[in-house]
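**Q** no sequence for this one, just the structure:
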């Protein structure tokens, strides 16, 4: 039986300068392609394609995605990749090549793996990952949100008292037990190209103004990176195999109506259950979203958690499809 | 160097009848004293004294406390006691002696131990405790609130969809790094009796109308059980040794001003840091308390978490004394 660990490891690294303002030269996009290739080699993945706008560089990877803007880098990788191997070299590149001298914040998160025993060091357990990160950053705050004996999502963040000067928010939907009919779209058997799968599924309707870079894997699997106006993004990764179906949707786009956006995504993928995570700082338009427990059509939540860390409120919720 | 694990294991067991109403005969207080003694022997503690009102039986134990009312039993034990050994015999007694036939809910919680390596089976880790409880109850929900790499509090609850018919709330303050001057009061050297320690410290002023049963240990240490009107309680346990100082305060008394009550307790014990936990169901007067992040005089919180389980909202927060 085929198994693929769709569950992504997600890492954000933010850089700044400690004693002076950042200049135009302080830009993570100055890291040369061969350095990126080298670092991604340590993670056991590679770049498949790239897209670039004034605000954001986007890379579709053999295992998920990489986004880079001036001061922030976001990388998520699935399978048995060794994402945390990239932390130290990314920091070195940011310091030596881009002239930063301080890590402003770090976010590392993932859902519990379906098969943790298949992972490689330092991803064998969250305890191991915490230890690795603590050694690098000397501190930080680690949380397990959700149920330790069920669905659960891990988060490590630096939790330094930094001054966030702009609204910021990230929504993630981690969906499992998806509708097999929908999942078929993301196979070469049913769709002849990534574009066809994008249209057939309705992914192109989520943000109609997005610049899409989609990839359809052989024989199945799908990734899309989307650049939105003002340097925002969304990204979707799909493992369609019925025994281990997994779809993640992630965006930092601000919206006044998150429940509507979430419902739009759920209507496309029809998951049996999903984890919702949402980060919002105090200036985010999404801050009100964290104050209510949203009912989503056709789903019940069994856990709803709000966690305050230094600069962010983090929402975690687990929803299950209502019995019909 | 003397070490004592003040950190308590806290267990609540609620009983009901599945197909009929409870009668006057269905009463946990019908469990005979020798059966209680036997069960407490399995936990490695014993009864030191008892108090009784119409609504509530209270026992001060050699390691903490036991409260029993008609349908609910609350036991907290510290040190290296093996509290979970009591679950099965308590259920047997409730079924065979008191005529109940259903466990309505279970709450097991504790802060991370200071020295987990000193604990005995099944308390060597929360994973072990979850496994033990899951085997007994076939399911349930387990959480780790707070920071996995810092202060952290564990909770297991049955999480059945039960119909709670009365307001219910429990506040717990788990204080550490306490003022050594205050802690001295709870030694035989400074106080000649439990009553003297109660008055000197101001514990008698927390709820002036309480029926107190206090115990001063030799050479140091203090416990008090208090029965309040309408069968409510509070209980305080103190480990005064400077290297491992620990004070817990717990009450199910409803109040319209929790911050004021908390401040009163903090003013007495002067902790360097504390964990606050608060359970409230939807009918509780304390429900509004869970909607705000309270600032407490002289303290900052670094983590504030709200978790929704079936019938309850659970607040977890960790506060540290502000630097002067």
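**A** Arrived safely, thanks for sending. If you're wondering where the values come from, they're calculated on a predicted model, not measured in any experiment.

**Q** in a helix, that's where residue A:85 is, yeah?
**A** Yes. Counting by DSSP: H, G, I helix; E, B strand; the rest coil, residue A:85 falls inside a helix.

**Q** can you pull out the helices in the stretch 51-200 of chain A?
**A** Assigned by DSSP state H, counting those that start in this stretch, the stretch 51-200 of chain A shows helices spanning A:87-96, A:126-137, A:180-184, A:194-201.

**Q** any chance of the ones you listed in a markdown table, plus distance to residue A:18?
**A** C-beta coordinates here come from the backbone N, C-alpha and C atoms, glycine included. Listed next are the helices of the stretch 51-200 of chain A as a markdown table, based on distance: least, CB to CB, whole Å:
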| stretch | distance to residue A:18 |
| --- | --- |
| helix A:87-96 | 11 |
| helix A:126-137 | 15 |
| helix A:180-184 | 48 |
| helix A:194-201 | 43 |
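
**Q** so which of the ones you listed is nearest residue B:238?
**A** Among the helices of the stretch 51-200 of chain A, the nearest to residue B:238 by CB to CB is helix A:126-137 (32.6 Å).

**Q** list the buried residues in the closest one.
**A** By neighbour count with 16 or more other CB atoms under 10 Å in any protein chain shown, helix A:126-137 contains the buried residues A:126, A:129-130, A:132-133, A:137.

**Q** same question for stretch A:180-197.
**A** A:182-187, A:191, A:194, A:197.

**Q** to chain B, which of the helices of the stretch 51-200 of chain A lies closest?
**A** helix A:126-137 (5.4 Å; CB to the nearest CB).

**Q** what does the closest one rub up against?
**A** A:84, A:87-88, A:103, A:106, A:108, A:121-123, A:140, A:142, A:144, A:154, A:156, A:158, B:148-149 (CB atoms under 8 Å, 6 or more residues apart in numbering or on different chains).

**Q** gap between that helix and the chain center?
**A** Mean-position distance between helix A:126-137 and its chain equals 19 Å (CA atoms, centre = their mean, to the nearest Å).

**Q** now do it, average pLDDT.
**A** Taken as a whole, helix A:126-137 has a mean pLDDT of 97.

**Q** try stretch A:159-170
**A** Per-residue scores along stretch A:159-170 average to 80.

**Q** pull out the buried positions in it.
**A** In stretch A:159-170, counting by 16+ other CB under 10 Å, buried: A:159-160, A:164, A:168-170.

**Q** go on, stretch A:102-111?
**A** A:103-111.

**Q** count the residues that sit near residue A:30.
**A** If you count neighbours by other CB atoms under 10 Å in any protein chain shown, residue A:30 ends up with 15.

**Q** can you pull the pLDDT of it?
**A** 98.

**Q** please name the nearest non-neighbouring residue to it.
**A** residue A:98 (5.2 Å; CB to CB, 6 or more residues apart in numbering or on different chains).

**Q** quick check: that neighbour touching residue A:28?
**A** Yes. In this structure, residue A:98 is within contact of residue A:28 by CB atoms under 8 Å, at 5.5 Å.

**Q** what do these two both touch?
**A** By CB under 8 Å, 6+ apart, the residues touching both residue A:98 and residue A:28 are residue A:15.

**Q** returning to that earlier point: now for the residue nearest to residue A:30: which residues touch it?
**A** A:15, A:25-28, A:30-31.

**Q** can we see that at 7 Å?
**A** A:26-28, A:30-31 (CB atoms under 7 Å, 6 or more residues apart in numbering or on different chains).

**Q** the worst-scoring helix or strand of chain A on mean pLDDT: how far from the chain's middle?
**A** Between all helices and strands in chain A, the lowest mean by mean pLDDT, DSSP states H and E belongs to strand A:299-308, at a mean of 92. Distance of strand A:299-308 from its chain centroid, counting by CA atoms, centre = their mean, is 19 Å.

**Q** likewise for stretch A:310-320?
**A** Worked out by CA atoms, centre = their mean, stretch A:310-320 lies 14 Å from the chain centre.

**Q** could you give the mean pLDDT of it?
**A** Computed over stretch A:310-320, the average pLDDT equals 91.

**Q** now stretch A:90-102
**A** 98.

**Q** now do that stretch: distance from first to last residue.
**A** 12 Å (CA to CA, to the nearest Å).

**Q** what residues of that stretch count as buried?
**A** So for stretch A:90-102, counting by 16+ other CB under 10 Å, buried means A:90-91, A:93-94, A:98, A:100.

**Q** show me where the stretch 1-150 of chain A has strands.
**A** A:9-16, A:47-52, A:57-61, A:64-68, A:72-77, A:102-111, A:141-146 (DSSP state E, counting those that start in this stretch).

**Q** how much space between residue A:305 and residue B:144?
**A** 11 Å (CB to CB, to the nearest Å).

**Q** tell me the residues on the stretch 1-150 of chain A that lie near chain B, please.
**A** By the rule CB under 7 Å from any CB of the partner chain, the part of the stretch 1-150 of chain A lying against chain B is A:130, A:134, A:141-144, A:147-150.

**Q** please produce a PyMOL select command covering the buried subset of those residues.
**A** The following PyMOL line selects those of the residues of the stretch 1-150 of chain A next to chain B that are buried, judged by 16+ other CB under 10 Å:
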select buried, chain A and resi 130+141+142+143+144+147+148+149
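
**Q** for stretch A:225-241, how far is the first residue from the last?
**A** Per CA to CA, stretch A:225-241 runs 21 Å from first to last residue.
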